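Asker: Okay, sequence plus prediction incoming.
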Amino acid sequence: MSAPDSHAATARDLLALVGGEANVTSIANCISRLRLGLADRSPVRDAEIREHPKVLGVVDDETYQIVLGPGAVGRVTEEFTRLVEAERAERAEGPGDPAGPAADGAAALAERGAAIRAENKRRNATPVKLFLRRIADIFVPLIPALIACGILAGVNGLLANFGWLPAAQPALAALASGFMSLIAVFVGMNAAKEFGGTPILGGAVAAIIPFAGVADVQAFGMELAPGQGGVLGALAAAVLCARVERWVRRWVPETLDILVTPTIAVLVSGLVTVYGLMYLAGELSEAIGVAANWLLAQAGGFAGFVLGGLFLPLVMLGLHQALIPIHTTLIGLDGHTVLLPILAMAGAGQVGAALAVYVRLKNNAGVRNTIRSALPAGLLGVGEPLIYGVTLPLGRPFITACAGGAVGGGVVGLLGQLGTTVGSTAIGPSGWALFPLLQGSQGIGPAIAVYGAGLLAGYAAGFALTYFFGFGKGALTELNAPAAERTETAAAPV
């Protein structure tokens, strides 16, 4: 079966297992997960989905998330979307009375699905969790451009360091820097949409921040510089604009809405941005940069140990994307983020743990096959396939993977504390994929050496801790038993 046929077959299987196209309310994907909105959870055959050979794990959150791994997820999502659209078109053209029993069944299904979604939202509606999810939804769509521009910036830096192709460097600099110079606009558009406003109005207000003319604005003894406040200022400005827009729309007659509402929304939130938010967000951005650099200089080893150890749980919960504004702020201030190389060590601990599981479970073909398929993504810093397919279901290996990441983060942090800091010029990649983006206080060579040392330490610690402490009493016997004799406890935490 060719690769396209394989992706189409996977999409067909998954569509049937989630209850068919009538049960699907939304389709999206991130780097490794197919994210489905479902009207009703009851027809979903969860166990069969988890056992599907192409599925690396499942996360049941506000959306039903099927972990397929990078590369595959985009192709399966495309086929899945095509199938859903084709079946809906066929159903719309087919015979039958839409007002008959089928419509009643659909209404009942929608009502039941609404109740389930409401219950899921109630369980997950803690203020912190909702806020972090919203921040993630604002910045996740920007990741492909951040990766592309970061890689181009890294390539251009290498060309400049070695004096190669000087004529091409200005063009590469323009390609790498153009998006970053206007990132505030994209953040503003996404933030306005997420908070119930009109995206283009959020972008219009956020565009004030990089506008060169703000340098001419003076009030209350403040002087502004283009870009001051960065993405944090853009985020605050767009959220304010959305709130003002929604408030004004409640009071303005419909006949005047198109003229009055956007004008007042941009005027009010724009003035607040120029005379307040840009300054405050700029001070906050500076404080974040100072705090990050102080933390690594004064307590680098300890800070790296803690950050490296806690990052996998954030990935597991899908909350790691909420750190993107901090990374972006540090890149805007210093040209790189010193936090990403430390956090990337969590992936190294996970890879080491997965290798130890592979060695220890010699007779468990299912787990070993999952590791073989997920390991390349893990080496490139995409940890979800190994999390949901290997370490988390096994229990203790997830803990030892976190410990391995803590060791790797401690090594990078300690070396930074001793004077050789390392940062990344972009966010998105980690693992081996981060090497082209590295930048450090002592130059590219020492930065690569520090990051490489952290990876090796994370691999080694994750492997050793999992090999010796990753399985409880009797677990190895159970998990290594022939498939026919293996009980359901093989999939339970041990």
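Answerer: Okay, I see it.
Asker: Quick one: low-confidence residue ranges for the stretch 301-450 of the chain.
Answerer: The model of the stretch 301-450 of the chain has pLDDT under 70 over residues 317-319, 428-429.
Asker: Now do the helices in the stretch 251-400 of the chain.
Answerer: 257-272, 278-317, 324-334, 339-343, 345-360, 365-379, 384-386, 392-394, 396-417 (DSSP state H, counting those that start in this stretch).
Asker: Next, the angle helix 278-317 makes with the third one.
Answerer: Read it as helix 324-334. 130 degrees (axes from the mean of the first three to the mean of the last three Cα atoms, to 10 degrees).
Asker: Check which helices and strands helix 324-334 sits against.
Answerer: When contacts are defined as 3 or more Cβ pairs under 8 Å, 6 or more residues apart in numbering; DSSP states H and E, helix 324-334 sits against helix 127-139, helix 230-251, helix 278-317, helix 339-343, strand 422-424. C-beta here means a position set from N, CA and C on the backbone, and glycine is covered the same way.
Asker: Dump the ones you listed to a markdown table, plus distance to Gly366 and mean neighbour count.
Answerer: Below are these laid out as a markdown table (distance: least, Cβ to Cβ, whole Å; neighbours: other Cβ atoms under 10 Å):
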| stretch | distance to Gly366 | mean neighbour count |
| --- | --- | --- |
| helix 127-139 | 32 | 16 |
| helix 230-251 | 43 | 23 |
| helix 278-317 | 21 | 19 |
| helix 339-343 | 30 | 28 |
| strand 422-424 | 35 | 28 |
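Asker: Go through those and name the closest to Pro170.
Answerer: Comparison of the helices and strands packed on helix 324-334 against Pro170 by Cβ to Cβ identifies strand 422-424 as nearest, at 23.2 Å.
Asker: and the next element down the chain from the closest one?
Answerer: Scanning forward in sequence from strand 422-424 by DSSP states H and E, the next helix or strand is strand 438-440.
Asker: and the next element down the chain from that next one?
Answerer: Counting by DSSP H and E, what follows strand 438-440 is helix 444-469.
Asker: Enumerate the positions of the next helix or strand along the chain from that following helix that are buried.
Answerer: Using DSSP H and E, the helix or strand that follows helix 444-469 towards the C-terminus is helix 475-479. When burial is assessed from 16 or more other Cβ atoms under 10 Å, helix 475-479 yields the following buried residues: 475-476, 478-479.
Asker: which residues touch the closest residue to Ala374 other than its chain neighbours?
Answerer: Residue nearest to Ala374 in three dimensions, not counting chain neighbours: Pro385, with 3.6 Å by Cβ to Cβ, 6 or more residues apart in numbering. Contact analysis of Pro385 by Cβ atoms under 8 Å, 6 or more residues apart in numbering lists 32, 56-57, 67, 69, 370, 373-374, 377-378.
Asker: Quick check: the gap between the spatially most central residue of the chain and Ile135.
Answerer: With distances taken as Cα atoms, centre = their mean, Gln321 lies nearest the centre of the chain, 4.2 Å away. Noted for Gln321: a distance of 7 Å to Ile135, by Cβ to Cβ, to the nearest Å.
Asker: same check, this time on Thr466
Answerer: Distance from Thr466 to Ile135, by Cβ to Cβ: 32 Å.
Asker: rewinding a little: closest to Ala242 among the contacts of Pro385?
Answerer: Nearest to Ala242, judged by Cβ to Cβ, of the contacts of Pro385 is Ser32 at 30.2 Å.
Asker: My guess is that closest one contacts Gly74. True?
Answerer: No. Applying Cβ atoms under 8 Å, one finds Ser32 not in contact with Gly74, separated by 9.8 Å.
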